[in-house]
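Any chance you could fold what I've pasted below:
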Amino acid sequence: MPLPRLIAHRGLSAHAPENTLAAVRAASDAGCDWVELDVQLLGDGTPVIWHDDNLERCSNSRARLVELERDELAMLDAGSWFGARFAGEPIALLDDALALLAERGMGLNLELKVGSGRDPVALAQAVVPRLKNFLAPHGLLVSSFDRQALESARELDSELPLGLLYTSIPRRWAEDARRLRPLSVHADWRRFDQERLIEIRRADIAVYAYTVNDPEAFKPWWEHGVTGVISDDPTLFRDS
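All right, here's what the predicted structure looks like:
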């Protein structure tokens, strides 16, 4: 599968409220071919596009996701915190995000976000079947920091493209790779280790850097074989 050089982090989150349909549209309008989004479950098992355990930072509510059900989402505003023109932006259902991405012909790096005390297996079981027919021509990566979530995803779909997420790449990365057969490894670029990058690229596994918003500071890492960056504003890299 062709992999992108640039992925818009939580949609075009420098210019629209993160993890919303508005952020996906903004990424598409800016010419971004891929977005990274986070998925979690509400209390009733509905998959939604959201990063935090609770709604306080990015909505007009302080509720925890586990306390919510799908029919309560209509009362919530996930856009006003970012700017008045996004007032009334809804919390996105995974199904709606997938439909929009398919309509726009975009690729997706979907992170299985396992909150404190949440069930990684239940998350994978709710999400992976929805991806069976999604974006085959355009591209899909399913990533997670949670190994149990990735193991469950692999059991559900033996061919699903997986990404191993780390803060810094540990020595055990090869053990994880043997078990999960990932397409890519993702890590915080500020904690990159040149030796690890060489090992991963020699294994023919892609490497993604997050969250990169300074093209000049990042420039030397391209020479070490980094496949691509996940950025709040990929347009910054157009000339790099």
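
Might you list the low-confidence residue ranges for the chain?
For the chain, the stretches flagged by pLDDT under 70 are 135-138.

which stretches of it form strands?
Ranges of strands in the chain, per DSSP state E, are 6-9, 34-41, 47-49, 107-112, 140-144, 162-165, 184-188, 206-210, 228-231.

where's the shortest one relative to the chain centroid, distance-wise?
Looking back up the chat, that one is strand 47-49. From the chain centre to the centre of strand 47-49 is a distance of 12 Å (CA atoms, centre = their mean, to the nearest Å).

Tell me, how many residues neighbour Gly105?
Counted with other CB atoms under 10 Å, the neighbours of Gly105 add up to 11. Where you see a C-beta, it was placed from the backbone N, CA and C, and this is true even at glycine.

related to what we said a few turns ago, please dump the strands of the chain into TSV; it should also carry mean neighbour count and distance to Pro90 for every row.
TSV is the format used below for those (neighbours: other CB atoms under 10 Å; distance: least, CB to CB, whole Å):
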stretch	mean neighbour count	distance to Pro90
strand 6-9	26	19
strand 34-41	25	15
strand 47-49	24	10
strand 107-112	25	19
strand 140-144	25	23
strand 162-165	23	27
strand 184-188	22	28
strand 206-210	22	26
strand 228-231	24	24
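
okay, the ones you listed in JSON lines with distance to Ala97 next?
Listed next are the strands of the chain as JSON lines, based on distance: least, CB to CB, whole Å:
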{"stretch": "strand 6-9", "distance to Ala97": "13"}
{"stretch": "strand 34-41", "distance to Ala97": "6"}
{"stretch": "strand 47-49", "distance to Ala97": "5"}
{"stretch": "strand 107-112", "distance to Ala97": "8"}
{"stretch": "strand 140-144", "distance to Ala97": "12"}
{"stretch": "strand 162-165", "distance to Ala97": "18"}
{"stretch": "strand 184-188", "distance to Ala97": "20"}
{"stretch": "strand 206-210", "distance to Ala97": "19"}
{"stretch": "strand 228-231", "distance to Ala97": "17"}
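
quick one, which of those strands is nearest to Pro220?
strand 206-210 (11.7 Å; CB to CB).

Packing partners of that closest one?
Using 3 or more CB pairs under 8 Å, 6 or more residues apart in numbering; DSSP states H and E, the elements in contact with strand 206-210 are strand 184-188, helix 194-202, strand 228-231.
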